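J.: got a predicted structure here, sequence first:
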Amino acid sequence: MVRFEGISKIYPAYRGKPGVNALQGIDFAIPRGSITGVIGRSGAGKSSLVRLINGLEKPTTGRVVVDGRDISALAGHELRLAQRSIGMIFQHFNLLSSRTAAANIALPLEIAGWPNAEIKARVAELLALVGIADKHDRYPSELSGGQKQRVGIARALATRPSVLLSDEATSALDPQTTRAILDLLANINRELGVTIVLITHEMSVVRQLAKEVVVLDSGHVVEKGHVADIFTHPQHPITQSFLAEVIGDSLPVSLASRIVPEPLTGGHAVIRVQVRGAGAGDTLVARLARELGLDVSLLSARIDEIGGQHVGSLTLGIPGGEAAAGRALSFLSLQQISAERLGYVA
Amino acid sequence: MSPELINLIIQATGESLFMVGVAALLGTVFGLPIGVFLATSRKGELFAAPAVNAVLGIIVNATRSTPFIILVVAIIPFTRLIAGTSIGSTAAIVPLTIASTPFIARLVEAAIREVDAGLIETASSFGASPLQIVFKVLIPEALPGLLLALTLAVVSLLGYSAMVGAVGGGGLGDLGIRYGYQRFMPEMMLAVVVVLIALVQLVQSAGDYLARRVNRRLRHR
């Protein structure tokens, strides 16, 4: 378990650059064995937060407790021992170009002083775990991005850590490779029970892998909880903007350019309906059409699944002028579905 | 050219190689740790000691700005203390080492600074001590650059070694001046220059080859 208690992190002014309040009032816990996503824009404090967990950074105030031990109070040899139980993977993999895949994985074991024979056996086991047993003797320059990150993951797991930190680990990878790496992380979490903390600016990463999410903005935690809850009912504008990336809140360009605020004779009212929750939206268009007795047209739609919940939006065209649009909105509000009138098109 | 003169050239080449070889070795022994320290001791770095770094930097710069021929004569008492004499090839190793140490240190510093800072963070993240980071990360990763640096240092030392003839150091440069210039033997001067060119070529090619061999950033297959 990782617990932040009253954390703030201030980088003092240096050489004419003003000081930075990177983190303020951070108080939350990451449950053992969970996969927790920390999402935020660049500069939100994600990197500082994750580096507090393995002691690469010290908090200005407060403590960081990992498996019952106050990491922020440790230094020197004590800290180095504690760091062996916390693995970390990086956006740019950070492999040693002078070492083969196997030797890169062996590095943390050499540093921990393992005997050679045990290192050899452990490295073989790890290469198989991450699915690149055949790349044993390859140098990083001979590996693809995905293979390099697999080496990075094997290296991070070498000393059997209880926590794995992922610092934008898929941000330099293409979508397919990203998916494969995230699947691998999910397997590792399931099979080894390693707590995974992943920091990212990509909503899709959180959606695919995390069960818990923490939204960071300007050094503050603005929202946290189960991924499904947070993203079906986002409260903070930042969370809503991350969600918009997945569900595509913006209208198609051709539609947006034709939309006007006043009703047009023979035209359609444009209504956007928010879809939230399991099975939401399944029969909505059909029910609305039946209720109104009108041909409701679907102008654009995007529905995605986040943590088992449907999240998305539908943009509907309602014929029959202002009156029909009003009836549609009151029908939807009776069903407790949030909807808004965007305007009218011919 | 008579066999006696050819023998002189062979003997002088041997002296030059001896002086340069030993000075390069000692220069590396002293210069490598100084260079690593210079590269890792600024504010916020592995062995952060900004004041020591600044003082060491000034000493290194001062030594490097002293013209070599002045250094040679200025430290004659020190040379006598170390080598027992101030004349001959063995004695010449003292000023050559003193000149090459700061030079090698600066080259080592530059090569070490080329190593991606992310690798230091990575090694720290799994609990490597600063010394482990130096020996397991920085030096292996900088090895191609270090070999090129050493090559450059040996080539420069060959040039310096020509000047120690001024204090009876012997070697190819001394032979060129005494026979080629002072005894008006242009063929001797030419022979000395040709041997020096060949030596520099040989050292540079060997250095390039080794640096390429150990550089795993390039694809080999």
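T.: That came through fine.

J.: chain A contacts on chain B?
T.: For chain B, the contact set with chain A under Cβ under 8 Å from any Cβ of the partner chain comprises B:116, B:118-119, B:121-129, B:132, B:136-137, B:140-141, B:143, B:214, B:216-221. Every C-beta, even on glycine, is put in place using the N, C-alpha and C of the backbone.

J.: where's A:Val222, which helix or strand?
T.: Applying DSSP states H and E as the criterion places A:Val222 in strand A:220-226.

J.: which strands border that strand, and is each parallel or antiparallel?
T.: strand A:212-217 (antiparallel) (DSSP bridges).

J.: how far off centre is the partner strand?
T.: On the basis of Cα atoms, centre = their mean, to the nearest Å, strand A:212-217 sits 8 Å off its chain's mean C-alpha point.

J.: so the residue nearest the centre of chain B, which of the three states?
T.: For chain B, the residue lying nearest the average C-alpha position, counting by Cα atoms, centre = their mean, turns out to be B:Ala153 (3.5 Å). Under the three-state scheme (DSSP: H, G, I helix; E, B strand; the rest coil), the conformation of B:Ala153 reads as helix.

J.: helix/strand/coil for the residue of chain A most remote from its centre?
T.: Residue farthest from the centre of chain A, counting by Cα atoms, centre = their mean, is A:Thr265 at 46.0 Å. The local conformation at A:Thr265, judged by three-state DSSP, is coil.

J.: tell me the contacts of the closest residue to it other than its chain neighbours?
T.: Here the nearest residue to A:Thr265 in space, its sequence neighbours aside, is A:Gly321; by Cβ to Cβ, 6 or more residues apart in numbering or on different chains that works out to 7.7 Å. When contacts are counted by Cβ atoms under 8 Å, 6 or more residues apart in numbering or on different chains, A:Gly321 touches A:263, A:265, A:269.

J.: one more: A:Leu264?
T.: The neighbours of A:Leu264, taking Cβ under 8 Å, 6+ apart as the test, are A:344-346.

J.: make it 7 Å
T.: For A:Leu264, the contacting residues are A:344, A:346, by Cβ atoms under 7 Å, 6 or more residues apart in numbering or on different chains.

J.: sorry, back to before: so what's the residue farthest from the centre of chain A scoring on pLDDT?
T.: Predicted confidence (pLDDT) at A:Thr265: the value is 80.

J.: one more: the one 10 residues further on?
T.: At A:Val275, the pLDDT value in this model is 80.

J.: please give the element, helix or strand, for it.
T.: strand A:268-277.

J.: what packs against that strand?
T.: Secondary-structure packing of strand A:268-277 (3 or more Cβ pairs under 7 Å, 6 or more residues apart in numbering or on different chains; DSSP states H and E): strand A:297-306, strand A:309-319, helix A:321-334, strand A:339-345.

J.: winner for burial among those?
T.: When you average the neighbours per residue for each of the helices and strands packed on strand A:268-277 (mean count of other Cβ atoms under 10 Å in any protein chain shown), strand A:309-319 leads with a mean of 21.

J.: neighbours around A:His236, how many?
T.: A:His236 is flanked by 15 other residues according to other Cβ atoms under 10 Å in any protein chain shown.

J.: was I right to think it contacts A:Glu223?
T.: Yes - with contacts counted by Cβ atoms under 7 Å, A:His236 reaches A:Glu223, the gap being 5.1 Å.

J.: what touches both of the two?
T.: Counting by Cβ under 7 Å, 6+ apart, the shared contacts of A:His236 and A:Glu223 are A:Val215.

J.: got the buried residues for the host helix or strand of A:Glu191?
T.: In this assignment (DSSP H and E), A:Glu191 forms part of helix A:175-192. Within helix A:175-192, the residues that qualify as buried by neighbour count (16 or more other Cβ atoms under 10 Å in any protein chain shown) are A:177-182, A:184-185, A:188-189.

J.: check stretch A:262-281 too.
T.: In terms of neighbour count (16+ other Cβ under 10 Å), stretch A:262-281 has its buried residues at A:267-276, A:280-281.

J.: same question for stretch A:118-137.
T.: A:119, A:122-123, A:126-127, A:129-132, A:135.

J.: and those as a markdown table, adding secondary structure and pLDDT?
T.: As requested, those are exported to a markdown table (DSSP: H, G, I helix; E, B strand; the rest coil; pLDDT from 0 to 100):
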| residue | secondary structure | pLDDT |
| --- | --- | --- |
| A:Ile119 | helix | 97 |
| A:Arg122 | helix | 97 |
| A:Val123 | helix | 97 |
| A:Leu126 | helix | 97 |
| A:Leu127 | helix | 97 |
| A:Leu129 | helix | 96 |
| A:Val130 | coil | 96 |
| A:Gly131 | coil | 95 |
| A:Ile132 | coil | 96 |
| A:Lys135 | helix | 95 |
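
J.: got those residues as a markdown table, with distance to chain B columns?
T.: Formatted as a markdown table, the buried residues of stretch A:118-137 follow (distance: Cβ to the nearest Cβ, whole Å):
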| residue | distance to chain B |
| --- | --- |
| A:Ile119 | 13 |
| A:Arg122 | 14 |
| A:Val123 | 14 |
| A:Leu126 | 13 |
| A:Leu127 | 17 |
| A:Leu129 | 17 |
| A:Val130 | 16 |
| A:Gly131 | 21 |
| A:Ile132 | 16 |
| A:Lys135 | 13 |
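
J.: how about these, which pair is most distant?
T.: Across the buried residues of stretch A:118-137, the longest distance by Cβ to Cβ is 20.2 Å; it joins A:Ile119 and A:Gly131.

J.: who in chain A is up against chain B?
T.: Within chain A, the positions lying close to chain B (Cβ under 7 Å from any Cβ of the partner chain) are A:54, A:56, A:80-81, A:83-84, A:88, A:90, A:92, A:94, A:96-98, A:107-108, A:110-111, A:139, A:141-142, A:159.

J.: these in strands, which ones?
T.: For the residues of chain A next to chain B, the ones inside strands are A:88, A:90, with DSSP state E as the criterion.

J.: which of the residues of chain A next to chain B fall within helices?
T.: Assignment to helices by DSSP state H places the following of the residues of chain A next to chain B there: A:80-81, A:83, A:107-108, A:110-111.

J.: give me the residues contacting stretch B:1-9.
T.: B:175, B:187-188, B:191, B:195.

J.: can you do 8 Å?
T.: Counting by Cβ under 8 Å, 6+ apart, residues outside stretch B:1-9 touching it are B:172, B:175, B:179, B:187-188, B:191-192, B:195.

J.: what residues sit buried inside it?
T.: By neighbour count with 16+ other Cβ under 10 Å, stretch B:1-9 contains the buried residues B:8-9.

J.: just how off-centre is that stretch within its chain?
T.: Stretch B:1-9 has its average C-alpha position 30 Å from the chain's average C-alpha position, going by Cα atoms, centre = their mean.

J.: and stretch B:14-30, by the same measure?
T.: The gap between where stretch B:14-30 is centred and where its chain is centred comes out at 8 Å by Cα atoms, centre = their mean.

J.: selection in ChimeraX covering whichever of the residues of chain A next to chain B are buried, please.
T.: Selecting only the buried entries of the residues of chain A next to chain B in ChimeraX, with 16+ other Cβ under 10 Å as the criterion:
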select /A:54,56,80,83,84,88,90,92,94,96,97,98,107,108,111,139,142,159
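
J.: just to revisit the earlier point, out of the contacts of A:Gly321, who's nearest A:Val151?
T.: Distances from the contacts of A:Gly321 to A:Val151 were compared by Cβ to Cβ; the smallest belongs to A:Ala269, at 56.2 Å.
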